[in-house]
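Chemist: here is my input, please return the structure:
(chains A, B, C, D, E and F)
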Number of protein chains: 4
Amino acid sequence: MGAVKTKRMPRAVREQQMLDAAVRIFGQRGYMAASMDDIAELAGVSKPLVYLYLNSKDDLFLAVIRREAAALTEAVRTAVRLDQPADRRLWDGLLAFFTHTARHPDAWSVLHLHARTHGEPFAAEVTAMRAEIVTFVTRLIAVAAREAHRNPDLADHEVAGLAEALVGAAESLAAWANTGDGVGARQAAATLMNFAWAGLGSLMAGRAWSPPAP
Amino acid sequence: MGAVKTKRMPRAVREQQMLDAAVRIFGQRGYMAASMDDIAELAGVSKPLVYLYLNSKDDLFLAVIRREAAALTEAVRTAVRLDQPADRRLWDGLLAFFTHTARHPDAWSVLHLHARTHGEPFAAEVTAMRAEIVTFVTRLIAVAAREAHRNPDLADHEVAGLAEALVGAAESLAAWANTGDGVGARQAAATLMNFAWAGLGSLMAGRAWSPPAP
Amino acid sequence: MGAVKTKRMPRAVREQQMLDAAVRIFGQRGYMAASMDDIAELAGVSKPLVYLYLNSKDDLFLAVIRREAAALTEAVRTAVRLDQPADRRLWDGLLAFFTHTARHPDAWSVLHLHARTHGEPFAAEVTAMRAEIVTFVTRLIAVAAREAHRNPDLADHEVAGLAEALVGAAESLAAWANTGDGVGARQAAATLMNFAWAGLGSLMAGRAWSPPAP
Amino acid sequence: MGAVKTKRMPRAVREQQMLDAAVRIFGQRGYMAASMDDIAELAGVSKPLVYLYLNSKDDLFLAVIRREAAALTEAVRTAVRLDQPADRRLWDGLLAFFTHTARHPDAWSVLHLHARTHGEPFAAEVTAMRAEIVTFVTRLIAVAAREAHRNPDLADHEVAGLAEALVGAAESLAAWANTGDGVGARQAAATLMNFAWAGLGSLMAGRAWSPPAP
DNA sequence: AATGAATGAGTTTTCATTCAT
DNA sequence: GATGAATGAAAACTCATTCAT
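Modeler: Numbering: from 1, shown residues only, chains lettered A, B, ... in the order given. Now for the predicted structure:
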């Protein structure tokens, strides 16, 4: 299953092989349960080489997180075209997100589950990625609100709340979308688009639900 | 912080102390990184006693999951009073959920992060709890729809979709509600109530967003 | 399986129950693999009581060895009647030996396997029992030689050699006799009687095989 | 006494050192009482290396049994020269057996005591070795009977009985031969040769001892 | 560019044994 | 006469990490 054992590859290539192996092992077993032995074996190299190129288990984990976080944001970014209306941009982004996470489940495991589970140098990396996405979504919603309803005066924190909930739901639904029984990326994206639009509509209509006194 | 080292306690008491300690250690470090040594020390007992009462690390983890899952569902259940209108019941449930997770962050970590991350005997327990909550929310929403809009003919799967997204968002937001900078349980609950009400409104109005052709 | 849990037995009775349990556990698992927990449970008492009556694992093991060694030699001794001719006495002794070991396989395991396997306070006890039996057999053979062949001038060390080999073979054959497929005590005893008689015959006839020069 | 701590040996060499150490520790203490720590220390390496090369305590024990069983049968096999008469061959085999067991008492302990005491994967290995030796002896005796007495019509099962008892006695006498007080391999072998010859003689003469009615 | 050899420190788990009642 | 509560010490096994080549 591991990369074919080819000798004397240039460093850059070997490093990617190691990261590939690490994504799989970390994603499937988690940080603690993953062993450097297994990663080296799956990568088709000896353990000292892994250490030579990637220094330590922590550094390797961090490298994996960074590579996969970049890949995910990149996938979303390139899916969104500026010349499209805001709702279409949000749709394209969501679809790209669910498609990417479905195609790279181990990477998504690492980012969503294991990196956050494992304390500080790592969680921060994912938090940054998440913040980037939340900001992106927040802006899209604001723009969409203006385009669709010609009503620009939504309170920032209300939009932010919607974005936060939307992203949170998306994260939760990524797993659900992958269950294999016909859910899939498109359906997950459609579900979320409807919620986004519904949330937006009620926000603009002032139909908010008001909590009872404490 | 560890329990005061008191000698010769009855078994039932000691067991709870051990579970308390285990929740903290498991919640903060995860299953793999948690060591039985640390749990025993925090509980103020020797390791053999932990094994005598709780058998193994796996059994201990399971006991923790069960106790905390029961506590969480219990907290939600007792917060909801049957003599209230459905929207109030949903609000009370959400508030109880966010309050409980905020008050027991380690327990929430165990349930939401670590138990699901750690494979089969454990994940199933949480899945069961989640299913119970999703069912509960689904019913509430259906009732609320009838009460508020006198329109009983919403498709079941649409309501279920709303409930699923709502619970998913709630799970993600539990962490966000705890960030300490003024978010809090009430605000998280309010955000989600609006989400729910908006979704309900657009669902009933048939204002769904339709995805572009693939 | 263990003794029925009856309360407040006189000490002597309880002690025998403990020894009974210990024989089974030691015999089936060996000294090291046997746990005081298991013995106490099988005996139907609490562990502290075992310690109160028998002091320590070592002492318990020793007590078992002594009781069972005594039982075995006693069985052989009472089977042999002084008013019989020597060959009959040897036969009766062998038969008693094989019958007893077949009826008490755990006890025989303890004596033959585990006690010898486990170093000094224990091995000595069995060595003593064995010496007693070898002496007994040696005398019988000498007497039998005189009776049967009227030739008293056999070298002591030759008779001793025969006895040693005979007892050794008996020990080896005790296991073989218990294989269940029709071997049984009588057949083992018969096989050995023949060897004893054959050895005796050749000894007396001077038909010894002489080894080549080293 | 432990192997001198030399660094960076090729794997094959280290493995033999580990097996050497294991033979000593297992032989003197038995399987359960032997600790991997002690074996590693005696071998002059760290415990992880023992596990790296030999996997587990069970595997190590099995490797020891196999190596020593092979060594013992090999010693007997090479001692026996086909151009010799059968009685000489039997003598040479017995002598080799007692010499080898005397020279490698720990190995003999492992094979005779501990391996058989310790249940199934292990006992089978020794049973196989024993069967090989019994067959070998059976054949030798049959040939010897023909050569020495020109009487080929001995019942197979009688010869087999003689062989069985002979090997059983040999096993028991291996310990006795090592007591140091002048017994030694030659004397043990001589005793058994006489036994064999006597048995053979009485077998051929039909001088069996007949047991009394039950 | 790459690896076979090696280990310190830690993990879960078990056990004989005692104390207080 | 009897036990529930408790532990020190050690066992098997694993792992991230380095050294010498």
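
Chemist: pull the distance from stretch A:41-54 to the chain's centre.
Modeler: Here stretch A:41-54 shows a centroid-to-chain-centroid distance of 27 Å under the convention CA atoms, centre = their mean, to the nearest Å.

Chemist: buried sites along it?
Modeler: By neighbour count on 16 or more other CB atoms under 10 Å in any protein chain shown, the buried set for stretch A:41-54 is A:Glu41, A:Leu42, A:Ala43, A:Gly44, A:Val45, A:Leu49, A:Val50, A:Tyr53, A:Leu54. (C-beta placed from N, C-alpha, C; glycine too.)

Chemist: which elements pack onto the lowest-mean-pLDDT helix or strand in chain A?
Modeler: Lowest on mean pLDDT, DSSP states H and E among the helices and strands of chain A sits helix A:184-205, with a mean of 77. Where contact means 3 or more CB pairs under 8 Å, 6 or more residues apart in numbering or on different chains; DSSP states H and E, helix A:184-205 is packed against helix A:86-103, helix A:120-149, helix A:156-177, helix B:156-177, helix B:184-205.

Chemist: out of the ones you listed, flag the one nearest DNA strand E.
Modeler: When these are compared by CB to the nearest atom of the strand, helix A:120-149 sits nearest DNA strand E, at 18.3 Å.

Chemist: list the contacts for A:Phe136?
Modeler: Shown in contact with A:Phe136 (CB atoms under 8 Å, 6 or more residues apart in numbering or on different chains): A:Val76, A:Gly93.

Chemist: show the pLDDT at it.
Modeler: For A:Phe136, the model assigns a pLDDT of 85.

Chemist: same question, A:Ala144
Modeler: pLDDT at A:Ala144 comes out at 75.

Chemist: what's the answer for A:Ala131, then?
Modeler: Taking A:Ala131 on its own, its pLDDT is 89.

Chemist: contacting residues around it?
Modeler: Applying CB under 8 Å, 6+ apart, no residues contact A:Ala131.

Chemist: so how far is D:Gln187 from it?
Modeler: Distance, A:Ala131 to D:Gln187, using CB to CB, to the nearest Å: 89 Å.

Chemist: okay, the helices and strands packed on helix A:184-205 in a markdown table with distance to B:Ala33 next?
Modeler: Output for these, formatted as a markdown table (distance: least, CB to CB, whole Å):
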| stretch | distance to B:Ala33 |
| --- | --- |
| helix A:86-103 | 25 |
| helix A:120-149 | 12 |
| helix A:156-177 | 23 |
| helix B:156-177 | 19 |
| helix B:184-205 | 28 |
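
Chemist: adding distance to DNA strand F, write these out as JSON lines.
Modeler: Listed next are those as JSON lines, based on distance: least, CB to the nearest atom of the strand, whole Å:
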{"stretch": "helix A:86-103", "distance to DNA strand F": "26"}
{"stretch": "helix A:120-149", "distance to DNA strand F": "13"}
{"stretch": "helix A:156-177", "distance to DNA strand F": "25"}
{"stretch": "helix B:156-177", "distance to DNA strand F": "27"}
{"stretch": "helix B:184-205", "distance to DNA strand F": "37"}
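
Chemist: out of those, flag the one nearest D:Gly161.
Modeler: helix A:156-177 (71.7 Å; CB to CB).

Chemist: any stretches of chain A with poor pLDDT?
Modeler: A:1-7, A:148-155, A:180-182, A:201-208 (pLDDT under 70).

Chemist: just to revisit the earlier point, please flag which of the buried residues of stretch A:41-54 sit within helices.
Modeler: A:Glu41, A:Leu42, A:Ala43, A:Leu49, A:Val50, A:Tyr53, A:Leu54 (DSSP state H).

Chemist: pull out the buried positions in the least confident helix or strand of chain A.
Modeler: Buried residues in helix A:184-205 (16+ other CB under 10 Å): A:184-204.

Chemist: repeat that for stretch A:167-180.
Modeler: A:Val167, A:Gly168, A:Ala169, A:Ala170, A:Glu171, A:Ser172, A:Leu173, A:Ala174, A:Ala175, A:Trp176, A:Ala177, A:Asn178.

Chemist: what secondary structure does the residue of chain A most remote from its centre sit in?
Modeler: Seen from the C-alpha centroid of chain A, the residue lying at the greatest distance (CA atoms, centre = their mean) is A:Ala213, 37.5 Å away. Three-state call for A:Ala213 (DSSP: H, G, I helix; E, B strand; the rest coil): coil.

Chemist: again, but for A:Ser210
Modeler: Under three-state DSSP, A:Ser210 comes out as coil.

Chemist: contact partners for it?
Modeler: So A:Ser210 contacts nothing (CB under 8 Å, 6+ apart).

Chemist: and for A:Trp209, the neighbour number?
Modeler: Under the neighbour criterion other CB atoms under 10 Å in any protein chain shown, A:Trp209 is assigned a count of 17.

Chemist: quick one, the least confident helix or strand of chain A and helix A:156-177 angle?
Modeler: 160 degrees (axes from the mean of the first three to the mean of the last three CA atoms, to 10 degrees).

Chemist: keeping just the C-alphas, turn helix A:184-205 into PDB.
Modeler: Provided in PDB are the C-alpha atoms of helix A:184-205 (Å, rounded to 0.1, in the frame of the first residue of the first chain):
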ATOM      1  CA  GLY A 184     -22.600  13.700  -0.700                       C
ATOM      2  CA  ALA A 185     -21.100  17.100  -1.100                       C
ATOM      3  CA  ARG A 186     -23.900  18.600  -3.200                       C
ATOM      4  CA  GLN A 187     -26.600  17.800  -0.800                       C
ATOM      5  CA  ALA A 188     -24.600  19.000   2.200                       C
ATOM      6  CA  ALA A 189     -23.900  22.300   0.400                       C
ATOM      7  CA  ALA A 190     -27.600  22.700  -0.600                       C
ATOM      8  CA  THR A 191     -28.800  22.100   2.900                       C
ATOM      9  CA  LEU A 192     -26.400  24.800   4.200                       C
ATOM     10  CA  MET A 193     -27.300  27.300   1.400                       C
ATOM     11  CA  ASN A 194     -30.900  27.000   2.400                       C
ATOM     12  CA  PHE A 195     -30.000  27.700   6.000                       C
ATOM     13  CA  ALA A 196     -27.800  30.600   5.100                       C
ATOM     14  CA  TRP A 197     -30.600  32.100   3.000                       C
ATOM     15  CA  ALA A 198     -33.200  31.500   5.600                       C
ATOM     16  CA  GLY A 199     -31.100  33.000   8.300                       C
ATOM     17  CA  LEU A 200     -30.400  36.000   6.100                       C
ATOM     18  CA  GLY A 201     -34.100  36.400   5.300                       C
ATOM     19  CA  SER A 202     -35.200  36.400   8.900                       C
ATOM     20  CA  LEU A 203     -32.400  38.600   9.900                       C
ATOM     21  CA  MET A 204     -33.400  41.200   7.400                       C
ATOM     22  CA  ALA A 205     -37.100  40.900   8.100                       C
END
